[in-house]
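Colleague: Predicted model, plus sequence, below.
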Amino acid sequence: MIQIRYSSLKQLEISGNVDGLQMIQQTLLNLARSGSSGITEIFADPLSDPAPYDRALLKLTIQVGQGPTIIAVPDNNSVLIMGSPDNLERLASFFDF
């Protein structure tokens, strides 16, 4: 399971156990290599303590797009990661544990 914490000062933390982080990595790689403009949602632990951040977010949405990787918090419940297949594949290396 993963935890996603966010602060209004534009601070974001995605953490979790090794299985949860490897799931994010594999999802990024699968989408990057799919050859299509896919989208996937990964749900986070709804009971995680947000401290020292303002709040815990409920889901991570990963979407294949174009250009550089963009990480945004479009609402109070989720974080969006979107980028070209090459850039999503590069980002996946940060979740290799």
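Modeller: That came in fine, so what should we check first?

Colleague: Tell me the confidence at the residue positioned nearest the centre of the chain?
Modeller: Residue closest to the average C-alpha location in the chain (CA atoms, centre = their mean): Leu60, at 4.5 Å. If you check Leu60, the pLDDT there is 98.

Colleague: From Tyr6, how far off is it?
Modeller: 11 Å (CB to CB, to the nearest Å). Where you see a C-beta, it was placed from the backbone N, CA and C, and this is true even at glycine.

Colleague: Return every residue with contacts to both of those two.
Modeller: Taking CB atoms under 8 Å, 6 or more residues apart in numbering as the contact rule, Leu60 and Tyr6 both touch Val79.

Colleague: quick one: Thr69 and Asp86 touch, right?
Modeller: No: using CB atoms under 8 Å as the test, Thr69 is too far from Asp86 to be in contact (9.6 Å).

Colleague: and these two? which has more neighbours close in?
Modeller: The neighbour count for Thr69 versus Asp86, taken as other CB atoms under 10 Å, is higher for Thr69 (15 against 10).

Colleague: Many thanks, have a good one.
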